[in-house]
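Novice: here's my sequence, what's the structure:
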Amino acid sequence: MLRNSNKLIKSVVKNESTLLKCKNNNIDRIVGYSSSSTSITSGNGIYSQIKKIEEFVSKKPSVTKVSSSSATINFNTSKSTGSTAVDYSKSVKIKDQKQIVLVKIGGGVIESDISSLIGSLNFLKKIGLFPIVVHGGGPQLNAELAAAGEPAEYVEGLRVTPPSVLAIAQRVFLRENLKIVEALESSGTKARPVTQGVYQATPLDPKLYGFVGNVTKIHTDALASCITNDYVPVISSLAMTPEGQVLNINADVAALELAKSINPLKILFINTTAGMKDGDGKVMQHIKLDEQYADLMKQPWVKHGTKLKLKEFKSCLDVLPPSTSITITSPDLLMKELFAKDGHGTTVERGEVMISQESPLFDETKFFALVEKSTGTKGGRINYQQLKTDLSKGVVKAFVNSHYTAGILVRPLSSGSSISYVDQFFFFNNSVQSTEDSESIFKKMFESSPYIWKESSSNQLGNEWFKKIATGFVSGKENVFWTNIDTNKIESSIKECLSQNSTYLSTITTAASSKASEKLLQDKNHKFRVGLIGARGFTGGNLVRLIDGHPNLELAIASSSTNFGKPVTTEFPQLKSNLKFDNVKPENIDIFTRDQGIDGWFMALPDKISSPYIQTLENSSESPVLVDLSSDHRFNEKWTYGQPETNRAAIKESKLIANPGCYATGMFLTLKPFVNDLVTPPSCFGISGYSGAGSKPSEKNDPTRLSDNILPYKLVQHTHELEVSHQLGSPIYFMPHVGQFFQGITLTISMELKYPLTKEQVVERYQKFYQNEPLIKIDKDGIPEVKSNSGKHTVTIGGFAVNGNHLVVVTTLDNLLKGAATQALQNMNICLGLEELASIKNEL
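Specialist: Purely as a prediction, here's the structure:
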């Protein structure tokens, strides 16, 4: 396989494991930035590389080696399951609030789309995720090998690496590493090259692969040094033996081995194909390894690199928390993949699995939270101490799914019996029990062992669902269900089952739920409890973040039908929360409001969706504050227009708030001081970032379509044109456009006034009108720019140009903040009698 390299391999391999040590001991002093020699003949190349690095460091003093002895960042360490033989060592502990995202970058992306790549990495940092980058360089290495007359050989997806290939690989990886680092630095993000010192390895199979390593240890001290000093580490996929010999590591393998060690919040694979393709060349949107792995590995199109990826994906996810997933996408589709319901990449996850309390992954706190939620009690009807004792002694066993939304308690049907009696099923709520995922996961658990349980015949929902997962049942006052019980044992097993009583729980009733809600209201602390319906995407993310930092609000419910049952952190990874997504529907919003003691709802739903929810609440005895972010009620006189700077008194007396639109906020605030002085309808030209088009994929939020482009749309009768005209009592004209930037709005508004004014008079009018409004900034001399106001809670009005009675004003605001989430929180604060800028003022 190695052709002419066999003789050279034999000369440097002893007993197929011992490789030549580097002769130059001085190289060790540049760990993290240099590559060690592969052989005596390649020494000159190494000296050249070291010189380049030293020149780079001296040219960019901000990229310097910093001692990691005082590093204090804390990676999320996961419990080992014992399923991997790799013994990772960590020489540094990390204790910072940074949320780590591991990003593996394919060589093709570096070569063809580095601009979008840098934008994506900066976007991650902007939303509070800190990237650790591992890069490849396959296409570049193949090109260099071809130029040098060296063959590019692979065995099962791994590159065969004789010494001559390794020498070229080191040069290529260093070059590509510095490309990423320099591009990040040029964009304003601090970065450091880490070309060595992270991976320790032993030779995989020298006769077959040459200088290819099997990772045995991960050293995180260099990474900790980078992160504590706010540098993005850019890591090359090269390892060293304990003796100092350089080994090549497949970049996918390198990234996933690092993930096992640091347990990142997210794992992103960025490539040019924007996902993993099937045999027909189509991108697979979702892969659940527990269900699909065996079948996928049998497919004829799964070979070489694809087979290696799937194998390594499974190896990684098997030892990380069950909720961990791997996203494969391209740089320009990263934001859609993170936030949209239907992304354009591939999400790989372990799938729903049942975890027993004997597993190191079992979280007792989360399990008991599920028990509490399922039984509708804070402890009055369940003997927690007895349950904990019995679990520890093995008298009863607990099983729970990976999202802790469904679980069971089981014990032997009788002493010495091989049949397990299901003492209790637990469900986060009835909607969980009715899902196909819950059905499939229990079927999978029950498919090979005998189980039996009973249920009251009055529980129609439970009985219908149990029929789907059971292999047999009998009806009666109490229905009995079973799986995999021999025919000759069924009758005696049913008799034994009917004689059983729940060891820990009594029958759950509606009355118990009511008592639970009463107790919840009694125990309620000083914080108001709010719910968010439509808790996904860009606006939802900002609302969740603001509520999380609020001194007087608690997010009690986050509802998302697409994420139901999953931790809220799967959608908003920067959050520190154990909350799981609920599925609040029009028919049960009153029950959620009552049982959870909800004081206010944020309705972040698309237009024409919120009405059934509101109708249910109107027909109930519940009367929470409602802040509707859709346009449904902005023309309804029963609802108060939620523009705090101009309508604060009315908002304070209302519980029904129609939150203004994003463009509408900017236009309304700009025109309001002059509404009585207009001769003709003003013309408003607006450009919004593509986040304003929502997270559902369309041409208006397609970065490829928008690249070097602006898209006009809905140039007459736009909803915000009608909204502002209605609220001002005076018509306006509005021409909206979508730009290639992510967030922010710029408006250029032309007004014909009844009389001429000077610029000074215009500025004075605005300053006086908004003199006590901290979120309205008047820029008397400058022209507001989108990038200056992006990510801020304020509206900036400026760019004043006057010619007689012709006035032109430029206004900017962030469409996701003051145009949506910030204003919604202002309204909720006012309605609940709280400080209007609570949780907002800290970010001004």
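
Novice: can you map out the strands along the stretch 601-750 of the chain?
Specialist: Under the criterion DSSP state E, counting those that start in this stretch, strands of the stretch 601-750 of the chain are mapped to 625-628, 640-641, 656-658, 683-688, 711-712, 733-738, 745-752.

Novice: OK, contacts around the residue nearest to residue 188 when sequence neighbours are not counted?
Specialist: Closest residue in space to residue 188, ignoring its immediate chain neighbours: residue 122 at 7.8 Å, by C-beta to C-beta, 6 or more residues apart in numbering. To be clear about C-beta, it is placed using only N, CA and C from the backbone, and glycine gets the same treatment. Residue 122 makes contact with 184, 187-189, according to C-beta atoms under 8 Å, 6 or more residues apart in numbering.

Novice: separate out the buried members of those residues.
Specialist: For the contacts of residue 122, a burial check counting by 16 or more other C-beta atoms under 10 Å picks out 184, 189.

Novice: in the contacts of residue 122, find the pair that's most separated.
Specialist: The most widely separated members of the contacts of residue 122, counting by C-beta to C-beta, are 184 and 188 (8.4 Å).

Novice: now residue 230. Nearest residue, chain neighbours left out?
Specialist: With C-beta to C-beta, 6+ apart as the criterion, residue 230 has its nearest non-adjacent residue at 5.8 Å, and that residue is residue 190.

Novice: burial count for the one you found?
Specialist: Residue 190 is flanked by 15 other residues according to other C-beta atoms under 10 Å.

Novice: over to residue 291?
Specialist: Around residue 291 there are 16 residues (other C-beta under 10 Å).

Novice: buried ones in the host helix or strand of it, by neighbour count?
Specialist: Element membership for residue 291 (DSSP states H and E) is helix 289-298. Within helix 289-298, the residues scored as buried using 16+ other C-beta under 10 Å are 289-291, 293, 296.

Novice: likewise for stretch 620-640?
Specialist: 622, 624-634, 639-640.

Novice: same list (these) but as CSV, adding distance to residue 734 and pLDDT.
Specialist: Supplementary listing: the buried residues of stretch 620-640 in CSV, determined by distance: C-beta to C-beta, whole Å; pLDDT from 0 to 100:
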residue, distance to residue 734, pLDDT
622, 37, 86
624, 33, 95
625, 30, 96
626, 27, 97
627, 24, 97
628, 21, 95
629, 19, 94
630, 18, 92
631, 14, 93
632, 19, 92
633, 20, 94
634, 15, 95
639, 22, 96
640, 23, 96
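
Novice: among these, which pair sits farthest apart?
Specialist: Pairwise distances across the buried residues of stretch 620-640 peak at 24.3 Å for 622 and 631 (criterion: C-beta to C-beta).

Novice: who touches the nearest residue to residue 357 once chain neighbours are set aside in this structure?
Specialist: Sequence neighbours aside, residue 398 is the residue nearest to residue 357 in space, at 4.5 Å (criterion: C-beta to C-beta, 6+ apart). Taking C-beta under 8 Å, 6+ apart, we find residue 398 in contact with 356-357, 362, 367, 391, 407-409.

Novice: the residue nearest to residue 230 contacts residue 228, doesn't it?
Specialist: No: taking contacts as C-beta atoms under 8 Å, residue 190 lies outside contact range of residue 228: 11.9 Å.

Novice: mind putting the strands of the stretch 601-750 of the chain into TSV with distance to residue 669?
Specialist: As requested, the strands of the stretch 601-750 of the chain are exported to TSV (distance: least, C-beta to C-beta, whole Å):
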stretch	distance to residue 669
strand 625-628	19
strand 640-641	13
strand 656-658	16
strand 683-688	12
strand 711-712	23
strand 733-738	14
strand 745-752	10
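
Novice: closest to residue 316 out of those?
Specialist: Here strand 733-738 is closest among these (C-beta to C-beta), at 38.1 Å.

Novice: related to what we said a few turns ago, now the residue nearest to residue 188: which helix or strand?
Specialist: Residue-wise, residue 122 maps onto helix 114-126 under DSSP H and E.

Novice: for that helix, which positions count as buried?
Specialist: Buried residues in helix 114-126, counted by 16+ other C-beta under 10 Å: 114, 116-121, 123-125.

Novice: what's the local residue count around residue 713?
Specialist: 12.

Novice: any idea how far the longest helix anywhere in the chain is from the chain center?
Specialist: As assigned by DSSP state H, the longest helix anywhere in the chain is helix 163-186. Centroid separation for helix 163-186 versus its chain: 30 Å, with C-alpha atoms, centre = their mean, to the nearest Å.

Novice: report all helices and strands that the helix or strand following that helix contacts.
Specialist: Next helix or strand after helix 163-186 toward the C-terminus (DSSP H and E): strand 191-194. The contact analysis (3 or more C-beta pairs under 8 Å, 6 or more residues apart in numbering; DSSP states H and E) places strand 191-194 against helix 163-186, helix 221-228, strand 232-236.

Novice: kindly recompute the last result at 7 Å.
Specialist: When contacts are defined as 3 or more C-beta pairs under 7 Å, 6 or more residues apart in numbering; DSSP states H and E, strand 191-194 sits against helix 163-186, strand 232-236.

Novice: deepest-packed of these, please.
Specialist: Ranked by mean neighbour count under mean count of other C-beta atoms under 10 Å, the helices and strands packed on strand 191-194 are led by strand 232-236, which reaches a mean of 26.

Novice: now the next helix or strand after it: average pLDDT?
Specialist: Downstream of strand 232-236, the first helix or strand assigned by DSSP H and E is strand 238-240. The average pLDDT within strand 238-240 is 93.

Novice: with stretch 415-422 instead?
Specialist: For stretch 415-422, mean pLDDT is 90.

Novice: and the contacts of it?
Specialist: By C-beta atoms under 7 Å, 6 or more residues apart in numbering, the surrounding residues in contact with stretch 415-422 are 408, 410-413, 449-453, 485, 493, 497, 500.

Novice: just the C-alphas of it, formatted as PDB.
Specialist: Extracted C-alpha coordinates of stretch 415-422, given in PDB (Å, rounded to 0.1, in the frame of the first residue of the first chain):
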ATOM      1  CA  SER A 415     -40.000 -12.700  44.200                       C
ATOM      2  CA  GLY A 416     -37.700 -14.300  41.800                       C
ATOM      3  CA  SER A 417     -39.900 -13.600  38.800                       C
ATOM      4  CA  SER A 418     -38.400 -12.800  35.400                       C
ATOM      5  CA  ILE A 419     -41.400 -10.600  34.600                       C
ATOM      6  CA  SER A 420     -41.000  -6.900  35.500                       C
ATOM      7  CA  TYR A 421     -44.000  -5.100  36.900                       C
ATOM      8  CA  VAL A 422     -44.200  -1.400  35.800                       C
END
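
Novice: so which of the helices and strands packed on strand 191-194 comes closest to residue 595?
Specialist: Here strand 232-236 is closest among the helices and strands packed on strand 191-194 (C-beta to C-beta), at 45.1 Å.

Novice: which strands or helices does that closest one pack on?
Specialist: Here strand 232-236 touches strand 129-135, helix 163-186, strand 191-194, helix 221-228, going by 3+ C-beta pairs under 7 Å, 6+ apart.

Novice: what ranges does the stretch 401-550 of the chain have for its helices?
Specialist: Using DSSP state H, counting those that start in this stretch, the helices of the stretch 401-550 of the chain run over residues 430-433, 436-446, 460-469, 487-498, 510-523, 537-548.
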